[in-house]
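*Asks:* Sequence first, predicted coordinates after that:
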Amino acid sequence: MADAPILSWEGLGLQQGGRWLFRNLDINIGPRDRLALIGRNGAGKTTLLKLIGDTVDADEGTRSVQPGTHVVMLEQEPDFSPFETLLDFALSSKGAGDHPPQQHEVESIADQLGIDLSRKAASASGGERRRAALARALAQDPDVLLLDEPTNHLDLAAIDWLESWLNRYKGAFVVISHDRTFLTKLTRATLWLDRGNMRRREIGFGGYEAWEEQVYAEEARAADKLDAKLKIEAHWLERGVTARRKRNQGRLEKLYQMRAQRASMVGPAGTAKLKLASDDVKTKAVIVAEGVTKRYGSGEEARTIIRNFSLRIQRRDRIGIVGSNGAGKTTLLKLLTGELEPDEGSVTLAKTLSGVMIDQQRSLLSPEKRVRDIVAEGGDWIDVRGVRKHIQAYLKDFLFDPSLVEARIGTLSGGERSRLLLAREFARTSNLLVLDEPTNDLDLETLDLLQEVIADYDGTVLIVSHDRDFLDRTVTITLGLDGSGTVDVVAGGYEDWAAQRRERQPARQAAKPAAKAESAPPPPRSTKLSYKDQRDYELLPTRIAELDAAIAKGEEILSDPTLYTSNPQRFATINKGLENARAEKDAAEERWLELAEMVEG
C-alpha cells in the first residue's frame, strides 16, 4: 500500500470453544482500501470484522487506529428490539462516538433508498430494516466502513444505489458478501481468511478464484515433502477446488445450451409467445399462463401489477424473476404457483405438479435442537427423493463434517444453518422448486452448492432473487418487471435482461419530442473553472468509465484458473496493469469530485 495504514492489527488471535479460531494475524487498512474479506464457511469472517470494528475483544494482539479515524460497522443482523420506529434506530448513537448520525443526513439517505423511517421497527420487513441500517451507517461519515452482507434483503435498485455510493466514497471499506457481482465491481484487494491464516493480495474479487486455485495447487506440490496428514489435506483442497471449477464450467456450458434452445422458442421480447412444434411440446408444459392480468385496488386507484402476460413453462426450465421492490415479483410468483387467481386470463398447472418452497425461514431451527433432529427427525436414515441414505453420508453432500450430526443448532454459523435448511428441504420428493430470495444469508461456498443442486434438479425451478451473478449462473429464462405491468421475457440470465433494457433505452430517448430535447438546459458551466478545469470536468466521467471497463476486463482475464500456470508473465503484466488502472481511476475520481464541488458551489 502506498499510504500508511489508518487501522491495523498486529498478532491478532482469538480462541473459540477452547481452540484458536485464528492466531498471529496481521491486518493493515489504508485510507482508500476497498477490501473483500473472503473465507470458507466457519472460518470466522464476521468475528474478524467485529474485531476490526472493536466490538469483540481479542485474546491477543495489538490494535492501532490513527487518531481521529472513525470506524463504522454495518452488522448483518442488528438489534432493532429497543426501538419503536426505524428512525429511532437510525438516529441511535451506539458505537458512533463523536460522529452520531445527523437526522437530515439519515433522512436524505433514507429518501434515496426509498424507505419510510416512520415505520414501526417490530413490523418492518427485512429490506426495510436493511435500508434503515444503511442510512444509520452511511450518515455517520465513516473513515473506515465495515460491511457484513450489505446487499442482504435489498432489491436491485437499492443495490445499484449502494454501489454508486461506495464508488464515490472517499474512505476505506472492508466487505463480506455473497454477491459476486457486487464484490467484483467494487473491491480492489482481497483478504483471504483460510484455516486460521490471513493472506492479502492487491487484486479484487474478480481475480480471487484464480488466486485460490493457484495457492492450493502450490500447497499440494509442497505437501509431497510434508507428513501424510498435511499431504492428504492439501490434495483434498486442490481436488475440491479444481473439481468445482470443472463442474462450474460444465454446468454453465449446459446452461448456455438450454438458453439457446429456449431462445429459439421465445417470440418478440415481452410477449412470451412460445412456438408449439408438436403435441410432444405441449405434454412437457407444467405451468401455462395465458393473457394473465392482475390488479390491486379498484376504480381510479386500481393499479395493474401484471398485464397480459403469457408463458409456457416446461419441465427443467429454470425461471428467474427480477425487479425492484413493489414491481410485482411476489405477485407473479404466486400467480404461477396457483396461490393467486388472475383478474383476467388463466394459469393452468399440471396435475402432477408437486412443489417445495425454500424461503430460508430460520425460525424452524431451534438452537437447542441437533442437526440430526432437523434433517432426519432424530434418526440415522433419511429418504432423499425416494432413495434411502445414511444421515452422515447425506450431510457430506451438503459440505458438513459428518461429526456435526450431534451438534446443537445454536453452535452453527449462519451459513451452516442455511445449508441445513437446504439439506432438509431438498430431501423431499418434488418436481417444482420455488426459491424466494434464496441467497439471503448464504455464503459463497453454500451458493456454489445451491447452484449445483439446482443444475442437477430434474424438475422445474422458479427463483425470485436480486443476486445477479446467481441468476446468470442458474436460470434459462428471466422474467423482468419494471413496475409498469409489463413482464419482459428473456432467454438467459440477469445480464441478458439488463442488456435488452439498455438496447431499448436509446429508442425511448429518441422517441421524446424534439422540442423537449431542444429546451433542455445546457450542462452547468462555472466561471470559477479555468479552461483546463472545465475540460477535466467534462472529460473525466468518460475516462472513468473507460477505466472501469478496462478493470472489469482485466479481472475477467485473471479469473481464468489456468492463466497463472500457463503464462505467469501475462498474469503478472495484467495484474500490474490493473493496479495502474485502479490508481488512475482513484485519482480521476478525486479530481472530478473536487471540480464538481466547485461547480455546485
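*Replies:* Looks like it arrived, so ask away. Only a predicted model underlies this, so the values are computations on that prediction, with no experimental measurement involved.
*Asks:* show me where the stretch 301-450 of the chain has helices.
*Replies:* 329-336, 371-376, 391-397, 414-426, 444-456 (DSSP state H, counting those that start in this stretch).
*Asks:* closest to residue 5 out of these?
*Replies:* Closest to residue 5 of the helices of the stretch 301-450 of the chain, according to C-beta to C-beta: helix 444-456, at 26.5 Å. Where you see a C-beta, it was placed from the backbone N, CA and C, and this is true even at glycine.
*Asks:* one step back: let me know which of the helices of the stretch 301-450 of the chain is the nearest to residue 92.
*Replies:* Here helix 414-426 is closest among the helices of the stretch 301-450 of the chain (C-beta to C-beta), at 23.6 Å.
*Asks:* which outside residues touch that closest one?
*Replies:* For helix 414-426, contacts defined as C-beta atoms under 8 Å, 6 or more residues apart in numbering pick out 41-42, 46, 76, 356, 358, 360-362, 364-365, 371, 374-375, 384-385, 394-395, 397-400, 404, 409, 412, 441-443, 445-446, 449-450, 453.
*Asks:* That one relative to helix 444-456, how many degrees between them?
*Replies:* Per axes from the mean of the first three to the mean of the last three C-alpha atoms, to 10 degrees, the angle that helix 414-426 makes with helix 444-456 is 20 degrees.
*Asks:* What are the buried residues along helix 414-426?
*Replies:* By neighbour count on 16 or more other C-beta atoms under 10 Å, the buried set for helix 414-426 is 414-426.
*Asks:* Next, format those as JSON lines and append distance to residue 544 and pLDDT.
*Replies:* Shown next, in JSON lines, are the buried residues of helix 414-426 (distance: C-beta to C-beta, whole Å; pLDDT from 0 to 100):
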{"residue": "414", "distance to residue 544": "36", "pLDDT": "70"}
{"residue": "415", "distance to residue 544": "35", "pLDDT": "71"}
{"residue": "416", "distance to residue 544": "41", "pLDDT": "79"}
{"residue": "417", "distance to residue 544": "41", "pLDDT": "81"}
{"residue": "418", "distance to residue 544": "37", "pLDDT": "78"}
{"residue": "419", "distance to residue 544": "40", "pLDDT": "81"}
{"residue": "420", "distance to residue 544": "44", "pLDDT": "85"}
{"residue": "421", "distance to residue 544": "42", "pLDDT": "82"}
{"residue": "422", "distance to residue 544": "40", "pLDDT": "82"}
{"residue": "423", "distance to residue 544": "45", "pLDDT": "85"}
{"residue": "424", "distance to residue 544": "47", "pLDDT": "85"}
{"residue": "425", "distance to residue 544": "45", "pLDDT": "81"}
{"residue": "426", "distance to residue 544": "44", "pLDDT": "82"}
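*Asks:* for those residues, which one is nearest residue 543?
*Replies:* Nearest to residue 543 among those: residue 415, at 39.9 Å, using C-beta to C-beta.
*Asks:* So the chain: which segments form each domain?
*Replies:* If you go by automatic domain parsing, the domain ranges for the chain are 7-205, 216-258, 259-354+430-511, 360-428, 531-600.
*Asks:* Compare those and say which comes out lowest on pLDDT.
*Replies:* Among the domains of the chain, domain 216-258 has the lowest mean pLDDT, at a mean of 63.
*Asks:* one step back: can you select the buried ones from the contacts of helix 414-426 in PyMOL?
*Replies:* Here is the PyMOL command that selects only those of the contacts of helix 414-426 that count as buried (16+ other C-beta under 10 Å):
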select buried, resi 41+42+46+76+356+358+360+365+371+374+375+384+394+395+398+399+400+404+409+412+441+442+443+445+446+449+450+453
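*Asks:* which ones are touching the residue nearest to residue 485 when sequence neighbours are not counted?
*Replies:* The spatial neighbour of residue 485 that comes closest, neighbours along the chain excluded (C-beta to C-beta, 6 or more residues apart in numbering), is residue 307 at 3.5 Å. Residues near residue 307 by C-beta under 8 Å, 6+ apart: 293, 484-487.
*Asks:* Now for these: which two are most distant?
*Replies:* Maximum pairwise distance in the contacts of residue 307, criterion C-beta to C-beta, is 12.8 Å, between 293 and 484.
*Asks:* Which of the two has more residues huddled nearby?
*Replies:* Counted by other C-beta atoms under 10 Å, residue 293 and residue 484 do not tie: residue 293 has more neighbours, with 16 against 11.
*Asks:* So residue 455 sits against residue 255, correct?
*Replies:* Yes - Residue 455 is in contact with residue 255 according to C-beta atoms under 8 Å; the separation is 7.4 Å.
*Asks:* quick one: which of these two has more around it?
*Replies:* Taking other C-beta under 10 Å, residue 455 and residue 255 do not tie; residue 255 has more neighbours (21 against 18).
*Asks:* Quick check, that one in contact with residue 472.
*Replies:* No - using C-beta under 8 Å, residue 255 is not in contact with residue 472; the gap is 9.0 Å.
*Asks:* now the buried residues of helix 414-426 as CSV including distance to residue 154?
*Replies:* Output for the buried residues of helix 414-426, formatted as CSV (distance: C-beta to C-beta, whole Å):
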residue, distance to residue 154
414, 17
415, 19
416, 23
417, 21
418, 18
419, 22
420, 25
421, 21
422, 22
423, 27
424, 27
425, 24
426, 26
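*Asks:* Of those residues, which pair is most distant in space?
*Replies:* Spatially, the most separated pair among these is 414 and 426, at 18.8 Å (C-beta to C-beta).
*Asks:* hey, where'd the helices end up in the stretch 151-300 of the chain?
*Replies:* For the stretch 151-300 of the chain, the helices defined by DSSP H, counting those that start in this stretch cover 156-168, 180-186, 208-222, 228-263, 279-284.
*Asks:* List the buried residues of stretch 118-134.
*Replies:* Of the residues in stretch 118-134, 119, 121, 124, 127-134 count as buried by neighbour count, 16+ other C-beta under 10 Å.
*Asks:* Mind putting those residues into a markdown table with secondary structure and distance to residue 53?
*Replies:* Shown next, in a markdown table, are these (DSSP: H, G, I helix; E, B strand; the rest coil; distance: C-beta to C-beta, whole Å):
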| residue | secondary structure | distance to residue 53 |
| --- | --- | --- |
| 119 | coil | 27 |
| 121 | coil | 22 |
| 124 | coil | 24 |
| 127 | helix | 24 |
| 128 | helix | 24 |
| 129 | helix | 19 |
| 130 | helix | 18 |
| 131 | helix | 21 |
| 132 | helix | 19 |
| 133 | helix | 14 |
| 134 | helix | 16 |
